[in-house]
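pasting a predicted model and its sequence here:
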Amino acid sequence: MLQMVRRIILAIASLMVCGCNQLDLKGMFMPTGEGVEKRFEQSVSMNSDLKVEGVKAQESYTFYVATDPHVAQTHDNLDIFNNTLRNDTEASFGVILGDCIDVKDNLPAYMDALSYKPERHVCNHEIYHVLGNHDLFFNGWVNFKEIVGPAVFWYEVTFDGGKDLYISLDSATGSLGRKQTDWFKKFLAAKRADYRHCVIMTHTNFFYTDGTQGSSGNMPLEESLTLIDFLGRNDVSLVLQGHDHYREDLTYDNVRYVVLGAISDAIEEPEFLKVNVSKDEIQLEFTSVNQ
Amino acid sequence: MKGLHITLFTILLLASGSLTLKAQDNGLMVGVRAGHNAAFGGFAAVSVEAHQNICSDFFIDAGLQYNTIGKTTVEAVPAYGRPFDWGELSVESVLSYTRMTSVNSFAAGVGVAVDSRRISGRLGYYYRHFGGQGGWINEPFNVYYELSIHFLKKIEDWNLDFVITNCEAFELERHFQPSFIAEGSYFPISKFGISFGIGCKPSGMFNMSADYYQTYIKTGVCYRW
């Protein structure tokens, strides 16, 4: 009996130490790289006011969103997303909501898959990238910050007579952390009145309504409760999330919370989202990649 | 708001509560905890917990906690238990209400608990319903669990346990959000004792990118009869 327990412990320990290129088993139980506080500090050090270059658009405009491409050996669905976005002259920009890669050190392949290819694409739209938990596997933050950039940032979409606010939050390890939370609360409370719509982009989910998350995880409950109260009080228009791989679309306190289904090649029903923003509303078109 | 916090704190200190340290005893405990939370910073909490035997096999654990992160929680766990040669088996219900900011959270569940000399555990299902003026959200797919290893059961006045749980008192969490706790109690005289413990809770665990979320120490004064 004791020998069997020893063998099981040894096997688990070996897996945690070695893992493989895909699952960072050690990271399931303990941090394998910088925590969220350090990542926020480093995002600030890259860009002190966390503002990145925005987009100029019409008063009504369109952007595309996909999540969880988990790029490994193939990225066919991500190619479809990229082609659709970059050949839509009405579109203004694209967003990927995290879990960009599924294999260690695969970020260059992901960036290449999403790049502008003049022979195939009409428009060189900006694509914004949110950090996901898989992107942190094997201390992946080192690559992410170097190749992609900060994990926390905001930008404006400006048009004649107004502007909209977009904020990307780092929830890749299941919590925003103290520094990011403090920054976010002060920033949004101070800035919200200057903008028409406000869209929050983050990876990890606020709610656990349908059991599809399994063990993938949400934010801790008390953090979820505090944030949904804060987002409601500050008239946030839309919260875009990834992570779960299954669509969820609900409204709480006049804030629409959308979990977008994954676009990974391993998913049976991959999808992306076309968002039409106008003066009075934000309209969502969920689009199946299999169509 | 600060006045309300002080009032609640005072009420809790004056209120009576208890914690069972022996299943057959009625008990009362006033506890405090202090710690650090990754999202909220430093925090302190005060609680009262009670264990009351209703009749031969029925008993109830109940308590109330105020946490300076702005959270107030009331919990009750009525249970029916029977002794066996190896320990005790009970069927329980878990009822919890939390108020945090403007959001109310209700949870109700059922489960079983076993308690033996060296190990005890709880396993059950609960349903959470939370919201307020902004609407209501249901989380119907929750499991609660607790596994305790008792290190000092042979010593009458001491308890020392290691616990993995997502249903620690006043912290009924989603199943992928466990806490790890080392806790104990010491009764220098038969009716009065102290409890103590340290705990930590990671975020993102099983989420495949774990991070630090919360650590705390706790202590309490117990009275049993």
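In hand now; what should we look at? Small disclaimer: the values here were computed from a predicted structure and weren't measured.

counting by contacts, list what the helix or strand hosting A:Lys163 packs against.
Using DSSP states H and E, A:Lys163 falls within strand A:162-168. If contacts are counted by 3 or more CB pairs under 8 Å, 6 or more residues apart in numbering or on different chains; DSSP states H and E, strand A:162-168 sits against strand A:153-159, helix A:177-191, strand A:198-201. (Glycine included, C-beta is placed from N, CA and C.)

can you give me the buried ones in the first one?
It refers to strand A:153-159. A:Phe153, A:Trp154, A:Tyr155, A:Glu156, A:Val157, A:Phe159 (16 or more other CB atoms under 10 Å in any protein chain shown).

any idea of the mean pLDDT in it?
For strand A:153-159, mean pLDDT rounds to 98.

ok, now the last one?
The predicted model gives strand A:198-201 an average pLDDT of 98.

contacts for the helix or strand that that strand is followed by next, please.
Reading on from strand A:198-201 to the C-terminus, the next helix or strand found by DSSP H and E is helix A:221-233. Under the criterion CB atoms under 8 Å, 6 or more residues apart in numbering or on different chains, residues A:175-176, A:185, A:188, A:200, A:206-207, A:218-219, A:239, A:252-255, B:39-40, B:69-71, B:98, B:100-103, B:105, B:130, B:134, B:173-174, B:177 lie in contact with helix A:221-233.

6 Å instead, please
A:175, A:206, A:252-253, A:255, B:39, B:71, B:100-103, B:134, B:173 (CB atoms under 6 Å, 6 or more residues apart in numbering or on different chains).

got a markdown table for those residues, with secondary structure and pLDDT too?
Listed next are those as a markdown table, based on DSSP: H, G, I helix; E, B strand; the rest coil; pLDDT from 0 to 100:
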| residue | secondary structure | pLDDT |
| --- | --- | --- |
| A:Ser175 | coil | 94 |
| A:Phe206 | coil | 92 |
| A:Tyr252 | strand | 96 |
| A:Asp253 | coil | 96 |
| A:Val255 | strand | 97 |
| B:Ala39 | coil | 92 |
| B:Lys71 | strand | 96 |
| B:Met100 | strand | 94 |
| B:Thr101 | coil | 91 |
| B:Ser102 | coil | 91 |
| B:Val103 | strand | 95 |
| B:Gly134 | coil | 90 |
| B:Glu173 | coil | 92 |
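
any chance of a ChimeraX selection covering the buried ones in the residues you listed?
Provided next is the ChimeraX selection string for whichever of these are buried by 16+ other CB under 10 Å:
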select /A:175,206,252,253,255 /B:39,71,100,101,102,103,134,173
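
look up phi and psi at the residue of chain B found nearest chain A.
Relative to chain A, the nearest point of chain B is B:Gly134 (2.6 Å; CB to the nearest CB). Torsion angles at B:Gly134 (phi, psi; degrees, to the nearest 10) stand at phi -80, psi 0.

how about A:Phe137?
phi -50, psi 140.

I'd say it and A:Leu23 touch.
No - judged on CB atoms under 6 Å, A:Phe137 makes no contact with A:Leu23 at a distance of 7.7 Å.

and those two? Which one has more around it.
Neighbour count, other CB atoms under 10 Å in any protein chain shown: between A:Phe137 and A:Leu23, A:Phe137 has more, with 28 against 15.

residue furthest from the geometric center of chain B?
In chain B, B:Gly134 marks the outermost C-alpha relative to the chain mean, sitting 28.7 Å out by CA atoms, centre = their mean.

who are the contact partners of that one?
B:Gly134 sits next to A:Gly232, A:Tyr252, A:Asp253 when contact means CB under 6 Å, 6+ apart.

from the residues you listed, which single one is nearest chain B?
Among the contacts of B:Gly134, and counting by CB to the nearest CB, the member closest to chain B is A:Asp253, at 2.6 Å.

A:Glu156 bridge partners, please.
A:Leu165 (DSSP bridges).

er, B:Gly193 I mean
Residues in a beta bridge with B:Gly193, per DSSP bridges, are B:Cys222.

likewise for A:Phe286?
Residues in beta-bridge contact with A:Phe286 (DSSP bridges): A:Leu273.

one more: B:Trp136?
B:Gly131.

need the three-state assignment for A:Phe138.
Classification of A:Phe138 using DSSP: H, G, I helix; E, B strand; the rest coil returns helix.

swap that for A:Ser171, please
Classified using three-state DSSP, A:Ser171 is coil.

how about the residue nearest to it when sequence neighbours are not counted, what does it touch?
Of all residues beyond its chain neighbours, the one nearest A:Ser171 is A:Thr204 (3.9 Å), with distances taken as CB to CB, 6 or more residues apart in numbering or on different chains. Neighbouring residues of A:Thr204 by CB under 6 Å, 6+ apart: A:Ser171, A:Gly174, A:Met219, A:His243.

for my notes, confirm the second one occurs in a strand.
No - with three-state DSSP as the criterion, A:Gly174 is assigned coil and is not in a strand.

who's in contact with it?
A:Thr204, A:Gly217, A:Met219, B:Ser203, B:Gly204, B:Asn207.

the last one now?
Under the criterion of CB under 6 Å, 6+ apart, the contact partners of A:His243 comprise A:His203, A:Thr204, A:Asn205.

between those, which is closest to B:Gly220?
Closest to B:Gly220 out of these is A:Thr204 (33.8 Å), distances taken as CB to CB.

let me know the pLDDT of that closest one.
For A:Thr204, the pLDDT comes out at 94.

next one: A:Pro31
Reported pLDDT for A:Pro31: 76.

that one in helix, strand or coil?
Applying three-state DSSP: A:Pro31 is coil.

can you tell me how far the residue lying closest to it once chain neighbours are set aside sits from A:Tyr155?
Sequence neighbours aside, B:Asp211 is the residue nearest to A:Pro31 in space, at 5.3 Å (criterion: CB to CB, 6+ apart). Going from B:Asp211 to A:Tyr155 by CB to CB, to the nearest Å gives 26 Å.

for chain B, give me the ranges with low pLDDT.
Within chain B, the stretches with pLDDT under 70 are B:1-24, B:153-155, B:207-208.

residue numbers of the stretch 1-150 of chain A in contact with chain B?
Within the stretch 1-150 of chain A, the residues that sit near chain B (CB under 6 Å from any CB of the partner chain) are A:Gly27, A:Met28, A:Phe29, A:Met30, A:Pro31, A:Gly35, A:Val36, A:Asn133, A:Leu136.

packing partners of the host helix or strand of the first one?
In this case it means A:Gly27. Taking DSSP H and E as the definition, one finds A:Gly27 inside helix A:25-29. Contact here means 3 or more CB pairs under 6 Å, 6 or more residues apart in numbering or on different chains; DSSP states H and E; on that basis helix A:25-29 packs against helix A:2-18.

if I look at the closest residue to A:Gly232 other than its chain neighbours, how far off is B:Val163?
In space, and not counting its chain neighbours, A:Gly232 is closest to A:Asp253: 2.9 Å by CB to CB, 6+ apart. As judged by CB to CB, A:Asp253 and B:Val163 stand 36 Å apart.

my read: A:Ser110 touches A:Ile101, true?
Not Ser; residue A:110 is Tyr. Yes - under the criterion of CB under 6 Å, A:Tyr110 is in contact with A:Ile101, at a separation of 5.2 Å.

quick one: low-confidence parts of chain A?
In chain A, residues with pLDDT under 70: A:1-22, A:213-216, A:291.

thinking again about what came up before, which parts of the strand holding A:Lys163 are buried?
Neighbour counts using 16+ other CB under 10 Å place A:Lys163, A:Asp164, A:Leu165, A:Tyr166, A:Ile167, A:Ser168 of strand A:162-168 among the buried residues.

residues touching the last one, list them.
Contact analysis of A:Ser168 by CB under 6 Å, 6+ apart lists A:Val130, A:Phe153, A:Met201.
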